[in-house]
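Student: Take a look and give me a structure for this.
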Amino acid sequence: MINIVICDDDKNFLSYIENRIIKILEARQENIKIHKFGSGMELLKAYDKGAKPFDIILLDINMPKIDGLELAELIRKEDEGTILIFLTSMEEEVYKTFKYNTFRFIRKTHIDQELEEALLSAMKKLSAEKYIFKTADGEIALTTEEIIYFEFMDRVVHIVTFNSKFRTNIRRFKDIEDAFLPKGFVGIHRSCIVNQNYIKAIGDLEITLDNGEKLPVSRYRMEDVKKAFIEAARKGRY
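Tutor: As a prediction, the model looks like this:
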């Protein structure tokens, strides 16, 4: 699931942009959850409750008490990875946002023209984000597109790509599940999660992957695997 934040002190604008986001991403069958905040303090409190809980934040620059720029600085201390998209009616503010690793700048007066491109680009960035893994051969950087599946074997996590298999130093499979199940992976049994985009066919308690490999599927996970397979087919692959 992709967690999207809208933070703006204008309640009418909050509702409007929420409906626009739903309309834009509904057609792509994206699994999203929208969080609305009427002030920067509300958003900061949400960060206190959960570690790095948000994927995309749409942030109004001009808010009372704590403005969007001050808020962005505090967010970046907590979370370097979240995608920041600034919203404003004042175009001259754009240059002040660059130091916060800003992804996009949307003019409120052009919201209908600029929101869709920003959102779709952000979703693409999320799917192509690189992750650093420590392996027996040193550190490697992989995007979700490069990973076919993760498997917990011999008490460590192994990563399978189209060209290689890596033995990592990760000893808790749950850490991998927590990070990658929301990013298009599905559990096929308790020690393996697969990139749903690379499931080529589903058989009787097994799947065939795009690399030709066949993997067993737990009877209790088969329904989830079928749903993920259909979802990937509807959205289209990478």
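
Student: drop to CA atoms for contacts and neighbour counts, all remaining ones
Tutor: Will do.

Student: I would like the residues contacting stretch 107-122, please.
Tutor: Under the contact criterion CA atoms under 8 Å, 6 or more residues apart in numbering, stretch 107-122 has outside partners 21, 24, 56, 83, 85, 87-91, 103-104, 106.

Student: could you redo the last one with a cut-off of 7 Å?
Tutor: Here stretch 107-122 makes contact (CA atoms under 7 Å, 6 or more residues apart in numbering) with I24, L87, T88, S89, E91, R104, I106.

Student: cool, stretch 195-204 as well?
Tutor: 147-149, 184-186, 207-210, 228-229, 232, 237.

Student: and the residues you listed, which are buried?
Tutor: With neighbours counted by 16 or more other CA atoms under 10 Å, these contain buried members at I147, I148, Y149, G184, F185, V186, I207, T208, L209, A228, F229, A232.

Student: what's the lowest-pLDDT member of those?
Tutor: Ranked by pLDDT, these bottom out at A232, which has 81.

Student: And I32, how far from N19?
Tutor: 13 Å (CA to CA, to the nearest Å).

Student: The two: who's more crowded?
Tutor: Of the pair I32 and N19, I32 is the one with more neighbours under other CA atoms under 10 Å, namely 15 against 11.

Student: Excluding chain neighbours, what is closest to I147?
Tutor: Sequence neighbours aside, T161 is the residue nearest to I147 in space, at 4.8 Å (criterion: CA to CA, 6 or more residues apart in numbering).

Student: now Y47
Tutor: Closest residue in space to Y47, ignoring its immediate chain neighbours: P53 at 7.0 Å, by CA to CA, 6+ apart.

Student: Contacts only, for the residue lying closest to D67 once chain neighbours are set aside.
Tutor: Nearest residue to D67 in three dimensions, chain neighbours excluded: I61, at 5.7 Å (CA to CA, 6+ apart). Residues near I61 by CA under 7 Å, 6+ apart: D67, G68, L69, F86, L87, T88.

Student: Tell me the secondary structure of the fourth one, please.
Tutor: Secondary structure state of F86, per DSSP: H, G, I helix; E, B strand; the rest coil, is strand.

Student: Would you quantify the distance from it to L25?
Tutor: For F86, the distance to L25 (CA to CA) stands at 19 Å.

Student: quick one: which of these two has more around it?
Tutor: F86 (25 against 16).
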